[in-house]
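*Asks:* Pasting the sequence and the predicted model now:
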Amino acid sequence: MRIVIAAMVGSLILVGCATTTQQQEPQIQRISAEELDKLMPQPAPFITYDELVRLSKAGTSADEIIAKIKESNSRYELTPSKALELSKQGVDAKVLDYIYSSREQALRDGFAEEINKREKEKVIEQEKLRREYQWRYRNDMYWGPGWGPYWRGYYGPRWGW
């Protein structure tokens, strides 16, 4: 009876030691519409479109208008139809080009920050998996886990076991 129990316990231990780990496939995380809205910089015009038209009609130069936009940190959601309308109302093309290019730059910066954040998370996860793998597969029959091959003799594990 003892032999049968010992054989069963031994086989359970061997089965537990013989299981292999499966490597996980890399997963692509998709961004939902809500997350995308959070990532994208929201337009917050402190200088309204009407003020842009008023400044342009008052004879303010394009460089001065751009400087005011930069100072107020205004962002605009400039559609082609809105750009055409502003152009017809007298807003200089240089101002409209700046508004469009600053919006595009803000979008690129937002996506770059998100990519960098995800890359850092990925590196941390890979480092965690690497440490787990190293811990799992380093053991010494005489001293137990943690001593590694440095304490093994030239001809294999120690003869104490």
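*Replies:* That came through fine. Numbering: from 1, shown residues only.

*Asks:* packing partners for the longest helix seen in the chain?
*Replies:* Once the chain is assigned using DSSP state H, the helix that runs over the most residues is helix 93-136. Here helix 93-136 touches helix 33-39, helix 62-72, helix 80-88, going by 3 or more CB pairs under 8 Å, 6 or more residues apart in numbering; DSSP states H and E. All C-beta atoms are positioned from the backbone trio N, CA, C, and that covers glycine.

*Asks:* and the first one, what does it pack onto?
*Replies:* Going back to what we said before, that points to helix 33-39. helix 93-136.

*Asks:* circling back to that earlier point, tell me which of the helices and strands packed on helix 93-136 is the most buried.
*Replies:* Most buried of the helices and strands packed on helix 93-136, by mean neighbour count (mean count of other CB atoms under 10 Å): helix 62-72, with a mean of 15.

*Asks:* quick one: that one to chain centroid distance?
*Replies:* 33 Å (CA atoms, centre = their mean, to the nearest Å).

*Asks:* Ranking helices and strands of the chain by mean pLDDT, which lands last?
*Replies:* When the helices and strands of the chain are scored by mean pLDDT, DSSP states H and E, helix 2-18 comes last with a mean of 72.

*Asks:* what packs against that one?
*Replies:* Partner elements for helix 2-18 (3+ CB pairs under 8 Å, 6+ apart): none found.

*Asks:* Lovely, talk soon.
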